[in-house]
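Enquirer: need a structure here:
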Amino acid sequence: MISVEDALERILNTVHVLEPETRPILSALGQVLAEDVVAGIDIPPHDNSAMDGFAVLSSDTYGAGQKSPIYLSVIGEVAAGYTSSIKITRGTAVRIMTGAPLPEGADAVVQFENTDETGRKKEQRPLATIGILEPATHGLNIRTRGEDIRAGQVVLQKGALLLPAGIGVLASLGNAGAAVIRRPVVSVLSTGDELCPTGQPLEPGQIYDSNTYTIAANIAMCGGIARIIGIGRDSLASLKQKIAEGLAGDMLITSGGVSMGDYDVVKDVLAQMGTVGFWTVRMKPGKPIAFGTLKANDGREVPHLGLPGNPVSSMITFEQFARPAILKMRGVGNHIRPAVSAAIDQDIINDDGRRIFVRVHVSRTGDGWTASVTGPQGSGILTSMAAANGLAIVPEDCPLARAGDKLKVQLLNNTEEPL
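Expert: Okay, here's the model as predicted:
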């Protein structure tokens, strides 16, 4: 058996960042930028008003107050999306809407609330003159040209994850597309004669195939594209055929067939179709896990991760190994889950020197973090995984974690986030 760290290192040394593609900006959400984004224009492209109000010369408003208005002549109006040739001179004002270009000569905008416009309208007094009720400072309520972005500026860096704000930045620059690292296509294959597809009646001795769906869902959650192959039966011929179908993707993930049973033949197929890097890891659950590469018809070496068949083992090994590999292929630099130190709520016995991943629900209390075990820890108890938002880690060299002991807990996102 090898350590969790050794297994992860071997996997990450095998997979590589995928090539870039150009995508429409909305379709690129959640992908990693393959190159710097350089601004071609200033944002905003011109000085404009940050408020609905009146563009003025600030010096004209000195001394203005509620009881001592300063009156200015209104010489025009400008709305957002339009320009005006009107020039502000001493004693004049232009009615202006938010986002409208600032008229020449103006150096401040007095918002409507600080004028007598509302009272004039109510009393049906002329609007050719406006009373300023509060002095304006130079630059008040003005967004200056280039205050957000200057032409030639690197606004989004290569390697950045493209999130909604980044999409907005791209759109504000007029970019219809972005160069991003493409998402990995990950083939998913469950194995075993006992498996029955969902939607069909169970035959005696069968169980429904849940691993295909948990694995595919996890692939989607970490930004990959799941390509479901179906179910491979416990024969070399069936598995070879299904695995060959899976090699069209960037990675193949199988579940089942990697332990020591007479019908666990995935390792045998791996040995015949490619290379086996390792097939046991010092962890619980998830000890029987295989990793290697398979040669596709086009000559590519396709990484293959053979997860255990038990549902919880499959999910936890995916979390520790498949998720980091997919993130690396996407170009994501940080694949480490956030973690907290939390007090476990019951004794956990470690009697065989493996690293134990305990399904827990983490919550914050006045004394810090607590980790409550979510139920029986058998590797087939999927409901305890569904109730967990963290994995408490009992180290290999810790024979007993007592209730109240602090353990490192990896935070998951399959229920509400504890933070």
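Enquirer: low-scoring stretches of the stretch 51-200 of the chain, by residue?
Expert: Applying pLDDT under 70 to the stretch 51-200 of the chain flags no residue at all.
Enquirer: swap the cut-off to 90 and go again
Expert: For the stretch 51-200 of the chain, the stretches with pLDDT under 90 are 84, 191-193.
Enquirer: can you show me the helices along it?
Expert: For the stretch 51-200 of the chain, applying DSSP state H, counting those that start in this stretch gives helices covering 117-123, 164-172.
Enquirer: out of those helices, indicate the one that is most buried.
Expert: Highest mean neighbour count of those: helix 164-172, a mean of 15 (counted as mean count of other Cβ atoms under 10 Å). Every C-beta, even on glycine, is put in place using the N, C-alpha and C of the backbone.
Enquirer: just checking, what packs against that helix?
Expert: strand 154-156 (3 or more Cβ pairs under 8 Å, 6 or more residues apart in numbering; DSSP states H and E).
Enquirer: thinking again about what came up before, and of the helices of the stretch 51-200 of the chain, who's closest to residue 221?
Expert: helix 164-172 (17.7 Å; Cβ to Cβ).
Enquirer: so which residues make contact with that closest one?
Expert: For helix 164-172, the surrounding residues in contact (Cβ atoms under 8 Å, 6 or more residues apart in numbering) are 25-26, 28-29, 33, 37, 43, 149, 155-156, 160, 162, 178.
Enquirer: run the last query once more with 7 Å
Expert: For helix 164-172, contacts defined as Cβ atoms under 7 Å, 6 or more residues apart in numbering pick out 25, 26, 29, 37, 43, 155, 156, 160, 178.
Enquirer: quick one: contacts for the first one?
Expert: Put plainly, it is residue 25. Residue 25 neighbours (Cβ under 7 Å, 6+ apart): 167, 170, 171, 175, 176, 177, 178.
Enquirer: ditto for the last one
Expert: Contacts here follow Cβ under 7 Å, 6+ apart; on that basis residue 178 touches 23, 25, 28, 33, 162, 170.
Enquirer: what's the answer for residue 413, then?
Expert: Counted by Cβ under 7 Å, 6+ apart, residue 413 has zero contacts.
Enquirer: can I get the helices of the stretch 51-200 of the chain in CSV including distance to residue 392?
Expert: Shown next, in CSV, are those (distance: least, Cβ to Cβ, whole Å):
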stretch, distance to residue 392
helix 117-123, 62
helix 164-172, 33
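Enquirer: nearest to residue 78, out of those?
Expert: helix 117-123 (15.7 Å).
Enquirer: which elements pack onto the closest one?
Expert: Packed against helix 117-123, as judged by 3 or more Cβ pairs under 7 Å, 6 or more residues apart in numbering; DSSP states H and E, are no other helices or strands.
Enquirer: from the chain's centroid, how far away is it?
Expert: Relative to the chain's own centre, helix 117-123 is displaced by 51 Å; criterion: Cα atoms, centre = their mean, to the nearest Å.
Enquirer: start at 500 instead
Expert: Sure thing, new numbering starts at 500, so read that last one as helix 616-622.
Enquirer: what sits up against it?
Expert: Among residues not part of helix 616-622, those counted as contacts by Cβ under 7 Å, 6+ apart are 626, 629.
Enquirer: same question for stretch 822-832.
Expert: With contact meaning Cβ under 7 Å, 6+ apart, stretch 822-832 is reached by 507, 510-511, 514, 516-517, 531, 658, 660, 680, 682-683, 685, 717-718, 721-723, 749-750, 834.
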